[in-house]
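# Model the following, please.
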Amino acid sequence: MGKSAQFSGRESVPNNLLEPLINEFECSRITGRSVASLRRDRLLGVGIPHVKLTSLVRYDPRDIRAYIERNRRGGQRGAE
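This next block holds a predicted model:
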């Protein structure tokens with residue numbers, strides 16, 4: 001009998017459930033923060049969580065949304 005194939009949990013996730021990751025330039029455009037500020041935050045271990053893939057830095061859109069929500073100030077949400 002041969003070895004059975006081993007599968008990680010990652011292989012069972014359909015691609016349509018994953019949002020594409022965003023680079024630091026797009027994150028900068030979305031948040032209005034400079035690329036230098038995002039880089040400084042990464043160095044200090046603060047700010048928006050990021051993913052490091054070899055030399056590539058990417059941000060999950062859900063983390064960017066959460067960061068924006070955490071930093072919301074003033075007014076009432078949903079007020080018309």
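# any idea where the helices of the protein begin and end?
Listed in chain order, the helices of the chain (DSSP state H) span 24-31, 35-44, 61-70.
# quick one: the shortest one to helix 61-70, angle?
Direction vectors for helix 24-31 and helix 61-70, defined by axes from the mean of the first three to the mean of the last three CA atoms, to 10 degrees, enclose an angle of 30 degrees.
# buried set for helix 24-31?
Using 16 or more other CB atoms under 10 Å as the test for burial, helix 24-31 gives 24, 27-28, 31. The way it works is simple: take the backbone N, C-alpha and C, and place the C-beta from them, glycine included.
# Just the closest of these to residue 66, please.
Checking the buried residues of helix 24-31 against residue 66 with CB to CB, the nearest one is residue 31 at 11.8 Å.
# Now render the helices of the chain as JSON lines, adding mean pLDDT.
Conversion of the helices of the chain to JSON lines gives the following (pLDDT from 0 to 100):
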{"stretch": "helix 24-31", "mean pLDDT": "97"}
{"stretch": "helix 35-44", "mean pLDDT": "97"}
{"stretch": "helix 61-70", "mean pLDDT": "95"}
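# Ok, which of those helices comes nearest residue 76?
Across the helices of the chain, residue 76 has its closest neighbour in helix 61-70 (14.2 Å, CB to CB).
# who's in contact with that closest one?
19-22, 27, 30-31, 47-50 (CB atoms under 8 Å, 6 or more residues apart in numbering).
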